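Asks: Next come a sequence and a model predicted from it.
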Amino acid sequence: MDIFKRLKPFFWPYKKYLFTSLAFLLVVVAITVVYPIVLQLTIDEVVLMERYSLIPYIAGGFFLIMIVKSISAFIHQYTGDLFGVTAVYKIREALYDKLQVLSFKYYDNARTGDLMARQTTDVNGVRNFISSGISDLVEITMLILFSLGVMFYYSIPLALITMASIPFLAVVVFQFDRRVHPAFRGVRRSFGRLNTRVQENVSGMDTVKSLSKEDFEISRFSDSNEDYRQHYLFTSRIWSRYFPVMELIGNICVVLLLAFGGALVANGDLSLGALVAFFSLVWYIMDPLVDLGFVINTYSQAKASGERILEILDAKEDVIDQEDAVDIPITGHVTFRDVTLTYTQNDERALKQINFDAPPGTIIGLMGATGSGKTSITQLIPRFYEPEQGEVLIDGRPVIDYQLRALRQQIGFVLQESFLFSTTIRENIRYGDPSISEEQIIDAAKRAQAHDFISQMPNGYDTMLGERGMGLSGGQKQRIAIARAICINPAILVLDDATSAVDMDTEFKIQKALKEVMKGRTTFIIAHRIASVKHADAILVLENGEIVERGTHKTLVHNQGPYERIYNIQYQDREQVLETST
Ligand SMILES: Nc1ncnc2c1ncn2[C@@H]1O[C@H](COP(=O)(O)OP(=O)(O)OP(=O)(O)O)[C@@H](O)[C@H]1O
């Protein structure tokens, strides 16, 4: 129950629904047990005594009781569901909130499909148990106790025979639980993997298709699907092995009752009505005990799901606000002092002894081979990751002194593949600050060189985009991302390979847009092309996480270092092309 104790804060505030549900359940159970008593009275006092005139009264009374039972069952069911649904609403919300604050480090190792399975199927698993499992458990206990009470009232020996079978059933049920719980954990994990497969396939569909890997993907999915099927079949096999044993024990008990109870009736020690009532009552004990298997099943699923939910809720938040963190505007003065960064313990350092100073409004170009650490530098500024050693300062204060939200709201990112949400272009542009006016949105789009193509679309700013900004070209997506960055009016701007995926003409347009955007902001331009960083105030050239060269284009181009080498490889012809187009 430890898992449910941990989840208690989510459902306990709604205990009034649970208690209302249980109170009405009590009425339902009490009336259920009254049924065999009515049967006994009808046989013994009416049929055997031939007092048939009482039948309409008994029937009328029975009808009224059943109406009360139906109403109680309705209230019990409804409030039980209300309890479960409200509780999981809170759990789902807490999970989502947590996913928003977990660091990049967490997401580096997380799989989207699996996270989605936890947020949906696992949350439902918990709901099943707290909606109906708890009351089923109470119902089972009450039915058994009430029924045993009535049984003992009718005949102590027969009641003892019934009780004798309970330990056998209990052992089977216990064994069942021990096996079924790990099996359900396996089912949940397998479902998470299946989800991941589907999600990755849909997200990476262009890669799949361009490499003609459809068959490979189908076979990979089949493997995961088969794995899920096998896991489920395994739990079914457990079920099918234990369920008949439980039934058998119940039936043996009935046979014994028939033999022994029949003898008692024949000897006149028990009324016929009481024996008939016994046959109903015995199933009020056996059925709930077998149902206990179902409840344990729901409980096991919920426990496995609860574990997976708690794994997220308990995940460490690596990057959080300090207690006295400040929320102040920044001018964009960025300083790195002896910064080193290691992503995972056993990895080589991604950054080594990085030192630089970028006064407000300057443009810093970051060059270097892939994997040399350019992106890593920019990810330390908004605290996406924390340095292992050294300090990152903004306006002379360590970045950890700032409130994360305040800090990140003042840093704009335009990435190589900026993510666009499946909503309108307008919503995408104002995503960072929904309060901005229509004029500001259009102004941002104009400055990002996006207004013209947006206006030419039939629905203009109301055009709906597909999940990944489908229906737009790479350059168009990029310009919307730039407009989005402009809207938050950041003091620091990071352009990470922002123009690498577009043709020369679009690159020219984007460069023009960016020039406009960079004014008055400290800008970090990560680029492989010298054209993109040529006008920077300082260019840092990285190799294996170290700055190996720094200076302006003018100085570096004759420095006989890596920059000059890159220049020689790519720039001489290009410069002429670009110059003729400006
Ligand atoms: N999230 C991460 N987890 C582990 N290692 C990482 C992570 N991000 C980057 N690295 C590693 O850190 C090193 C620097 O990567 P980084 O992305 O900063 O390089 P880059 O110069 O920006 O490369 P590119 O030009 O290809 O974008 C690489 O060796 C990379 O494998």
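Replies: Sure thing, it's come through.

Asks: CA only for contacts and neighbour counts going forward, please
Replies: Noted.

Asks: Would you mind naming what in the protein lies close to the ligand?
Replies: Contacts of the chain with the ligand, taken as C-alpha under 6 Å from any ligand atom, map to Asp108, Tyr343, Ala350, Thr370, Gly371, Ser372, Gly373, Lys374, Thr375, Ser376.

Asks: Quick check: pLDDT value at the residue lying closest to Ile425 once chain neighbours are set aside.
Replies: The spatially closest residue to Ile425, leaving aside those adjacent along the chain, is Tyr461, at 5.2 Å (C-alpha to C-alpha, 6 or more residues apart in numbering). Looking at Tyr461, its pLDDT stands at 87.

Asks: Tell me how many other residues crowd Asn428.
Replies: Using other C-alpha atoms under 10 Å, Asn428 is surrounded by 22 other residues.

Asks: how about it, secondary structure?
Replies: Recorded secondary structure, Asn428: helix (DSSP: H, G, I helix; E, B strand; the rest coil).

Asks: wait, what's in contact with it?
Replies: Going by C-alpha atoms under 8 Å, 6 or more residues apart in numbering, Asn428 touches Leu420, Phe421, Ile480, Arg484.

Asks: okay if I get those residues as CSV plus pLDDT, secondary structure and neighbour count?
Replies: Formatted as CSV, the contacts of Asn428 follow (pLDDT from 0 to 100; DSSP: H, G, I helix; E, B strand; the rest coil; neighbours: other C-alpha atoms under 10 Å):
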residue, pLDDT, secondary structure, neighbour count
Leu420, 83, coil, 23
Phe421, 84, coil, 18
Ile480, 89, helix, 28
Arg484, 89, helix, 28
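
Asks: Of those residues, which is the nearest to the ligand?
Replies: Ranked by distance to the ligand (C-alpha to the nearest ligand atom), the contacts of Asn428 are led by Leu420 at 19.9 Å.

Asks: Next up, phi/psi of that closest one, please.
Replies: phi -110, psi 140 (degrees, to the nearest 10).

Asks: Tell me the spacing between it and Ile480.
Replies: Distance of Leu420 to Ile480, computed by C-alpha to C-alpha, to the nearest Å: 8 Å.

Asks: Tell me the buried residues in the helix or strand where Tyr35 lies?
Replies: Secondary structure from DSSP states H and E places Tyr35 in helix 15-41. Neighbour-count burial for helix 15-41, with 16 or more other C-alpha atoms under 10 Å as criterion, is recorded at 17-22, 24-41.

Asks: Secondary structure element for the residue of the stretch 1-150 of the chain found nearest the ligand, which one?
Replies: Closest to the ligand within the stretch 1-150 of the chain is Asp108: 5.5 Å, counting by C-alpha to the nearest ligand atom. Element membership of Asp108 [criterion: DSSP H and E] is helix 104-109.

Asks: Please save the CA atoms from that helix in PDB.
Replies: Provided in PDB are the C-alpha atoms of helix 104-109 (Å, rounded to 0.1, in the frame of the first residue of the first chain):
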ATOM      1  CA  PHE A 104      17.100  18.800 -20.100                       C
ATOM      2  CA  LYS A 105      19.200  16.200 -18.500                       C
ATOM      3  CA  TYR A 106      16.100  14.200 -17.700                       C
ATOM      4  CA  TYR A 107      14.700  14.500 -21.200                       C
ATOM      5  CA  ASP A 108      18.100  13.400 -22.600                       C
ATOM      6  CA  ASN A 109      17.300   9.900 -21.300                       C
END
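
Asks: got the contact list for Leu257?
Replies: For Leu257, the contacting residues are Leu158, Ile161, Thr162, by C-alpha under 8 Å, 6+ apart.

Asks: Gln345: neighbour count?
Replies: For Gln345, the neighbour count with other C-alpha under 10 Å is 7.

Asks: ok now do the residue of the stretch 1-150 of the chain closest to the ligand, which residues does it touch?
Replies: By C-alpha under 8 Å, 6+ apart, Asp108 has no neighbours at all.

Asks: What are the buried residues along stretch 85-104?
Replies: Under the neighbour-count rule (16+ other C-alpha under 10 Å), stretch 85-104 has 85-89, 91-92, 94-95, 98-99, 102-104 buried.

Asks: Kindly reformat those as a markdown table and extend each row with pLDDT.
Replies: Formatted as a markdown table, these follow (pLDDT from 0 to 100):
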| residue | pLDDT |
| --- | --- |
| Val85 | 89 |
| Thr86 | 91 |
| Ala87 | 89 |
| Val88 | 87 |
| Tyr89 | 90 |
| Ile91 | 91 |
| Arg92 | 91 |
| Ala94 | 92 |
| Leu95 | 91 |
| Lys98 | 91 |
| Leu99 | 89 |
| Leu102 | 88 |
| Ser103 | 84 |
| Phe104 | 85 |
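
Asks: ok so, going back, now intersect the contacts of Leu257 with the strands, please.
Replies: Per DSSP state E, strands hold no members of those.

Asks: List buried residues within the residues you listed.
Replies: For the contacts of Leu257, a burial check counting by 16+ other C-alpha under 10 Å picks out Leu158, Thr162.

Asks: Show the subsequent helix or strand relative to the lengthiest helix in the chain.
Replies: Longest helix in the chain, counting residues (DSSP state H): helix 214-266. Using DSSP H and E, the helix or strand that directly follows helix 214-266 along the chain is helix 272-313.

Asks: in this protein, which spans are strands?
Replies: Taking DSSP E as the criterion, the chain carries its strands at 334-341, 351-358, 363-368, 389-394, 397-398, 411-414, 492-496, 522-526, 538-543, 546-551.

Asks: Show me what counts as buried in stretch 146-153.
Replies: In stretch 146-153, counting by 16+ other C-alpha under 10 Å, buried: Phe146, Ser147, Leu148, Val150, Met151.
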